[in-house]
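Q: fold the stuff below for me.
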Amino acid sequence: MGKYTPLTEFLKKQAVGEVRMSFAQIERVIGSKLPPVSRYRAWWSNSPTNNVMTKAWLEAGFRSEQVDMASGRLVFRRDEQAGRLRAAAGAKPGPHPLFGCMKGTVHIPAGVELTAPADPEWGELAYGNDLPERVL
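A: Below you'll find the model as predicted:
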């Protein structure tokens, strides 16, 4: 069970088309504090790739609207079209089936430092001492 699963379950149980909530109410539902990044408007967008909590309300068939950062309040509005599309497609919650399809295909040899800078002399290796002006 994920941190935001209680929000998904809470929203799924709502019989109304819109649910007005404060950030404090959301914290009570999930049983923990929202992360500091939730104080930025972009965190409340409806992009499924935004964050884990976004997926929680989208999975419940809602979209966030009227996010008021000053008062710490927002509206979750039922998204009937998204619910019908998910049901018609027989979509199951979770990652896309292709997520992780490349797992195990990339191997990093022992001793390779991935954070080390690339060869700083790449230009000399590629062009010798006659570096084009655009490279300088």
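
Q: the chain: strands as residue ranges?
A: Per DSSP state E, the chain carries strands over the ranges 18-22, 62-68, 73-78.

Q: read off the pLDDT value for Thr115.
A: Looking at Thr115, its pLDDT stands at 69.

Q: tell me how far the residue nearest to Gly31 when sequence neighbours are not counted lies from Ile30.
A: For Gly31, ignoring the flanking residues on the chain, the nearest one in space by CB to CB, 6 or more residues apart in numbering is Pro6 at 6.4 Å. For the C-beta atoms, the positions are set from N, CA and C on the backbone; glycine is no exception. Counting by CB to CB, to the nearest Å, the gap from Pro6 to Ile30 is 5 Å.

Q: do Val67 as well
A: Separation of Val67 from Ile30 (CB to CB): 17 Å.

Q: now do Glu9
A: Distance from Glu9 to Ile30, by CB to CB: 10 Å.

Q: quick one, which of those two is more surrounded?
A: Of the pair Glu9 and Ile30, Ile30 is the one with more neighbours under other CB atoms under 10 Å, namely 19 against 14.

Q: go ahead and confirm that one touches Lys3.
A: Yes. Counting by CB atoms under 8 Å, Ile30 does reach Lys3; the two are 6.2 Å apart.

Q: and the pLDDT for the closest residue to Arg73 other than its chain neighbours?
A: Leaving aside its chain neighbours, Arg73 sits nearest to Ser22 (4.9 Å; criterion: CB to CB, 6+ apart). Looking at Ser22, its pLDDT reads 95.

Q: what about the residue nearest to Gly31, how many residues nearby?
A: For Pro6, the neighbour count with other CB under 10 Å is 17.

Q: contacting residues for it?
A: Residues in contact with Pro6 (CB atoms under 8 Å, 6 or more residues apart in numbering) are 29-31.

Q: circling back to that earlier point, gap between the residue nearest to Arg73 and Pro6?
A: For Ser22, the distance to Pro6 (CB to CB) stands at 16 Å.
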